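In: Quick one: sequence and predicted model below, then my questions.
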Amino acid sequence: MLENYNIRTDLALETRERFVSDHVEIPGVSVEETYDEEREIRTTRVVVETENGAKMMGKPVGTYLTIEAPNMAVPDEDYHREISKKLAEDIKELIPERKEEVSVLVVGLGNREVTPDALGPYVADHLHVTRHIVKEYGKYAMGKDQVYLVSAVVPGVTGQTGMETLEIVKGVVEETEPDFVVAIDALAARNSKRLNRTIQITDTGICPGSGVGNHRLALNSETLGVKVIGIGVPTVVDAVTIVNDTMENFIVALESSELLKSVGETLRSYNEAEKQELIRELIAPHLNGMYMTPKNIDDTIKRVSFTISEALNILFSEGTAS
């Protein structure tokens, strides 16, 4: 049953992996993977092509690019620069506009006061905004024939403003009329190894608060009237995920024991959905709404947010000639 596959993740890649592990085919969904050995960056393209595929995946029809870089958590400026360049290339692929002047609104989603949720605001802090310069002095003030007019907004969260994020962003979009929107937010992952080491880019928009299961009104082409590119980094995992990872190690230990090998083999025969259901039945009720993040999240968020902002700065400083 499809509801068995509703796992706590915002990554299309992980949703697909769940089906693959249970040997379930997903019609209407194509996957392509590439690996850059020199930069140790794996890129997976998941394209949801049909409404049936979207229903099974629980994701809108569109393209989902996932960049996995295990060393992204390491404070290596040269390596992060390489990731920024790769990210800029992937974002450019999804940009719909190719004209002399392109207006883009960057939306930094999240709560600046909660570190795992501060990715969006931090990216906006490092962004080179240019809309006001071009409006005042013309595009030649930027020294290029083709330019991006970059503006940014950090709408905060409903608990701070009393307004839905969509209400704020929609008002800004109607007033400034950008050609497209880039929205950045923190996400949740199913695999703890992907925390702060993975970046997902999609042309389907983004749902604020999804990282902690607090789904608000989505920012997408239907709600805003313009193309919305969503960029997200998983910064948290839920308690069930932690227990599931522990269970996997436990099964391995059982399988290596002559006395308990049969118990391990029985648990190994469970598919992913059955394992998750077992965990949900066993886990303490008060842990169901608990989310975990690495202890070095303060430094990591600052580093990753700068990597993403540099990617946007690289892209938007190049102009649109291509």
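Out: In hand now; what should we look at?
In: how about Val134, phi and psi?
Out: Backbone torsions for Val134, taken as degrees, to the nearest 10, come to phi -70, psi -40.
In: Let me see the contact set for it.
Out: 101, 141-142, 147, 149 (Cβ atoms under 8 Å, 6 or more residues apart in numbering). The C-beta positions use only the backbone N, C-alpha and C, and glycine is treated the same way.
In: pLDDT below threshold where in the stretch 151-300 of the chain?
Out: For the stretch 151-300 of the chain, the stretches flagged by pLDDT under 70 are 209-216, 272-273, 276, 280, 284-289.
In: so where's the longest helix in this structure?
Out: helix 297-317 (DSSP state H).
In: Sort out which residues of that helix are buried, please.
Out: Residues 297, 300-316 are the ones in helix 297-317 that count as buried (16 or more other Cβ atoms under 10 Å).
In: now it: how far from the chain's centre is it?
Out: Mean-position distance between helix 297-317 and its chain equals 14 Å (Cα atoms, centre = their mean, to the nearest Å).
In: ok, and what's touching that helix?
Out: Contacting residues not belonging to helix 297-317 are listed as 72-73, 75, 80-81, 83-85, 87-88, 91-92, 104, 106, 115-116, 118-119, 122-128, 130, 148, 150, 182, 184, 196, 199, 231, 233, 235, 294 [Cβ under 8 Å, 6+ apart].
In: If we use 7 Å, what do you get?
Out: Helix 297-317 is contacted from outside by 72-73, 75, 80, 83-85, 87-88, 91-92, 104, 106, 115-116, 118-119, 122-123, 126-128, 148, 150, 182, 184, 196, 231, 233, 235, 294, using Cβ atoms under 7 Å, 6 or more residues apart in numbering.
In: Could you do stretch 194-202 as well?
Out: Outside stretch 194-202, the residues within contact range by Cβ under 7 Å, 6+ apart are 11, 62-70, 72-73, 87, 90-91, 94, 187, 189, 229-235, 237, 294, 300, 304.
In: what about it, how long is it end to end?
Out: By Cα to Cα, to the nearest Å, the extent of stretch 194-202 from end to end equals 17 Å.
In: mind listing the strands in the stretch 51-200 of the chain by residue range?
Out: Ranges of strands within the stretch 51-200 of the chain are 62-68, 101-108, 147-153, 180-188, 198-202, based on DSSP state E, counting those that start in this stretch.
In: For Glu274, which of those strands is the nearest?
Out: Glu274 lies closest to strand 180-188 among those, at 21.5 Å (Cβ to Cβ).
In: The closest one - contacts with which helices or strands?
Out: Packed against strand 180-188 by the contact rule (3 or more Cβ pairs under 7 Å, 6 or more residues apart in numbering; DSSP states H and E) you find strand 101-108, helix 119-125, strand 227-238.
In: Tell me the strands beside that strand, with direction?
Out: strand 101-108 (parallel), strand 227-238 (parallel) (DSSP bridges).
In: How far does the longest one sit from its chain's centre?
Out: Taking Cα atoms, centre = their mean, one finds strand 227-238 lying 2 Å from the centre of the chain it belongs to.
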